[in-house]
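Undergrad: just coords:
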């Protein structure tokens, strides 16, 4: 009886895992239109990436500082 329950659970896990993989592949795979994330969070994700890119460009334009970091040692 235990083996039968275990086999049913493992079989169901295999089927559901495969279905989840196909779903993920379908919705997050390569797309012809360039928009590969089909979710309600796509706009939020794009805004966050733009914000990150702006911060990187700003840091690159500022360049390295010549002053060494302030030391707190006496």
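TA: Thanks, I have it. What you see is a predicted model, and the numbers here were worked out from it, not measured in a lab.

Undergrad: give me the neighbour count for residue 2.
TA: 6 (other CB atoms under 10 Å). Where you see a C-beta, it was placed from the backbone N, CA and C, and this is true even at glycine.

Undergrad: and it, how far from residue 23?
TA: As judged by CB to CB, to the nearest Å, residue 2 and residue 23 stand 31 Å apart.

Undergrad: and what of residue 55?
TA: The spacing between residue 55 and residue 23, counted by CB to CB, is 33 Å.

Undergrad: what does residue 48 give?
TA: As defined by CB to CB, residue 48 lies at a distance of 24 Å from residue 23.

Undergrad: tell me which helix or strand comes right after the longest helix seen in the chain.
TA: Criterion DSSP state H: the longest helix present in the chain is helix 2-28. As assigned by DSSP states H and E, the chain's next helix or strand after helix 2-28 is helix 42-62.

Undergrad: lowest average confidence, helix or strand, in the chain?
TA: helix 42-62 (a mean of 84; mean pLDDT, DSSP states H and E).

Undergrad: so which bits of it are buried?
TA: Within helix 42-62, not a single residue qualifies as buried, counting by 16 or more other CB atoms under 10 Å.

Undergrad: next one: stretch 12-19
TA: Residues of stretch 12-19 classed as buried: none (neighbour count, 16+ other CB under 10 Å).

Undergrad: now that stretch: average pLDDT?
TA: In this model, stretch 12-19 has an average pLDDT of 95.

Undergrad: offset the numbering so it begins at 36, please.
TA: New numbering, starting at 36: the last item is stretch 47-54.

Undergrad: please report how far residue 94 lies from residue 58.
TA: Per CB to CB, residue 94 is found 38 Å from residue 58.

Undergrad: same check on residue 50?
TA: Distance check for residue 50 against residue 58: by CB to CB, it reads 13 Å.

Undergrad: contacting residues for residue 89?
TA: Residues in contact with residue 89 (CB atoms under 8 Å, 6 or more residues apart in numbering): none are found.
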